[in-house]
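# next comes the sequence, and after it the predicted model I'd like to discuss.
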Amino acid sequence: MSITVRDATAADAATLIGYLRDLQEWERALCPSRRPGQEVDRLCYEHLLQVGADLLLALDGDRPIGFVAGRLRVDEDELMTPAWRWHGYVSDLFVAPAQRGRGVGQLLLQAMADRLRSKGAARLRIGSLCVNQAALAAYRRFGFEPFEVVLDLDLAQR
Ligand SMILES: CC(C)(COP(=O)(O)OP(=O)(O)OC[C@H]1O[C@@H](n2cnc3c(N)ncnc32)[C@H](O)[C@@H]1OP(=O)(O)O)[C@@H](O)C(=O)NCCC(=O)NCCS
């Protein structure tokens, strides 16, 4: 496997917007809470640029095969210690379907962990829908452990 990871540039915008669309559609297939990918892909991309996220692209030779986005972030919960509030936040991770299960996700997570550590992060946070078992397994394989759980109740059921 000759996979490399590099910073995305403005020339990669169309690739990243396509990945953000596909990522949204992936989650929408798992959970109806998500809007269609084509409605939010550009919005997501512009948001990532606006918040100054690091955008890393995985390539097989010259061909893009996935990406990860992350940044330093501070939790708004003032009941937490400052050390917990400041963290590296991995906001998006996507690997092209034909490339999954080959370790590309682990490579991207490692590259982002190194990047955010070099910027001062002492810990990383990442989130997933509970039904996204492949993502949760990949995160746990990397070393993430469950930290907080958000529960949801459809009041039509009660
Ligand atoms: C989640 C995702 C990024 C993982 O990338 P990947 O390159 O396939 O993952 P890796 O090969 O690096 O990780 C391998 C580990 O992930 C887990 N894993 C990967 N695919 C899996 C699947 N379909 N089912 C269960 N576990 C899976 C395994 O634990 C595996 O470890 P192992 O090989 O030691 O068993 C990729 O599946 C993806 O892009 N999914 C769609 C988008 C998405 O869900 N992104 C996350 C949003 S929160």
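Alright, I've got the coordinates.

# which residue packs closest to Gln106, ignoring adjacent ones?
Counting by C-beta to C-beta, 6 or more residues apart in numbering, Phe142 is the residue found nearest to Gln106 once chain neighbours are left out, at 5.8 Å. For every residue, glycine as well, the C-beta is placed using N, CA and C.

# test my guess that the one you found contacts Leu108.
No - using C-beta atoms under 8 Å, Phe142 makes no contact with Leu108, being 9.8 Å away.

# neighbour count for the two, which is higher?
A direct count of neighbours by other C-beta atoms under 10 Å for Phe142 and Leu108 places Leu108 higher, at 27 against 16.

# now do the contacts for that one.
Residues counted as contacts of Leu108 (C-beta atoms under 8 Å, 6 or more residues apart in numbering) are 5, 56, 58, 66-68, 93, 95.

# name the SS class of it, please.
Here Leu108 is recorded as helix under DSSP: H, G, I helix; E, B strand; the rest coil.

# what's the closest residue to it other than its chain neighbours sitting at in phi/psi?
Nearest residue to Leu108, sequence neighbours excluded (C-beta to C-beta, 6+ apart): Val68, at 4.0 Å. Here the main-chain torsion angles of Val68 (degrees, to the nearest 10) amount to phi -140, psi 140.

# please apply the same query to Gly143.
With angles defined as degrees, to the nearest 10, Gly143 sits at phi 130, psi -10.

# could you do Ser91 as well?
Dihedral angles for Ser91 - degrees, to the nearest 10 - are phi -90, psi -30.
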